[in-house]
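Novice: got a sequence here, can you model it:
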Amino acid sequence: MNALDRENQYIRKWRPIAVRGDSIDMSNVAAAYRILENFRLSARWYRRAAEHGDGDSMTDWGYCLQHGVGVRRDERSAEQAYRSAIACKWITELGREEAMYHLAVHLLGRRSASSRRAAVKLLRVANADGDYPQAQALLRTVKSADLQNVCTCRRHLRPRLAKRHCHLHGPHRGQPDHSNGSA
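Specialist: Predicted structure coming up:
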């Protein structure tokens, strides 16, 4: 059985439970669709799981909104999703740290002193235990004032998917991926 068959099998297994309102299975379905590179369905399922209170899915939904992965870009809603994820009781530590990191990236895009200070605080907390090298690297970048080289790789995904929307490491290094997630 190849990876695509396995993901389709997972979708057939988890989708009936997800439809009944189980947010964990909604998130599993979303992840399977992401692996299959069906970003529209992936985003739809992440949104549903986020609406049911799953903090990790709030982080993924925010990422979809921030980068236009399977949905239209909406940075204001992405910020709300990240803030909700950070405040959520039902989120893994990895998900909370990632929400902090991506919110920091978003805030740095505003280029104001107050946003920069808020971003630095978020990055320090995200990497407090030293296990988030991207946050540590971004802190160094912020201190050097070179905000052109901001990595948005997803640390828990396979490298090809993790780097897909990263301006620094992505398919068109140095140029944003404006594919709206349909590539």
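Novice: can you give me the helices for the protein?
Specialist: 3-19, 23-35, 39-51, 55-67, 75-87, 93-108, 113-126, 133-144, 159-162 (DSSP state H).
Novice: contact partners for the spatially most central residue of the chain?
Specialist: Centroid-nearest residue in the chain, with C-alpha atoms, centre = their mean: residue 63, separated by 3.6 Å. Each residue near residue 63 by C-beta atoms under 8 Å, 6 or more residues apart in numbering is listed here: 69, 78, 102, 154. C-beta here means a position set from N, CA and C on the backbone, and glycine is covered the same way.
Novice: tell me the pLDDT at the second one?
Specialist: Translated: residue 78. Residue 78 is assigned 98 on the pLDDT scale.
Novice: so which bits of stretch 7-26 are buried?
Specialist: 7, 10, 11, 14, 15, 18, 22, 23, 24, 25, 26 (16 or more other C-beta atoms under 10 Å).
Novice: could you dump the contacts of residue 63 to CSV with neighbour count?
Specialist: Below are the contacts of residue 63 laid out as CSV (neighbours: other C-beta atoms under 10 Å):
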residue, neighbour count
69, 24
78, 22
102, 25
154, 21
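Novice: now the two most distant members of the buried residues of stretch 7-26.
Specialist: Farthest apart among the buried residues of stretch 7-26 by C-beta to C-beta are 7 and 23. That separation is 19.3 Å.
Novice: circling back: most tightly packed of the helices of the chain?
Specialist: helix 55-67 (a mean of 27; mean count of other C-beta atoms under 10 Å).
Novice: convert the C-alpha atoms of it to CSV, please.
Specialist: In CSV, the C-alpha atoms belonging to helix 55-67 read as follows (Å, rounded to 0.1, in the frame of the first residue of the first chain):
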residue,chain,number,x,y,z
GLY,A,55,-6.4,24.3,19.5
ASP,A,56,-3.9,22.5,17.2
SER,A,57,-6.5,22.9,14.4
MET,A,58,-6.8,26.6,15.2
THR,A,59,-3.1,26.9,14.5
ASP,A,60,-3.4,25.0,11.2
TRP,A,61,-6.5,27.0,10.3
GLY,A,62,-4.6,30.2,11.0
TYR,A,63,-1.7,29.1,8.8
CYS,A,64,-4.2,28.3,6.0
LEU,A,65,-5.6,31.8,6.3
GLN,A,66,-2.2,33.6,6.7
HIS,A,67,-0.7,31.9,3.6
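Novice: tilt between that helix and helix 75-87?
Specialist: 160 degrees (axes from the mean of the first three to the mean of the last three C-alpha atoms, to 10 degrees).
Novice: pLDDT of helix 55-67, averaged?
Specialist: On average, helix 55-67 scores 97.
Novice: pLDDT score for residue 157?
Specialist: 64.
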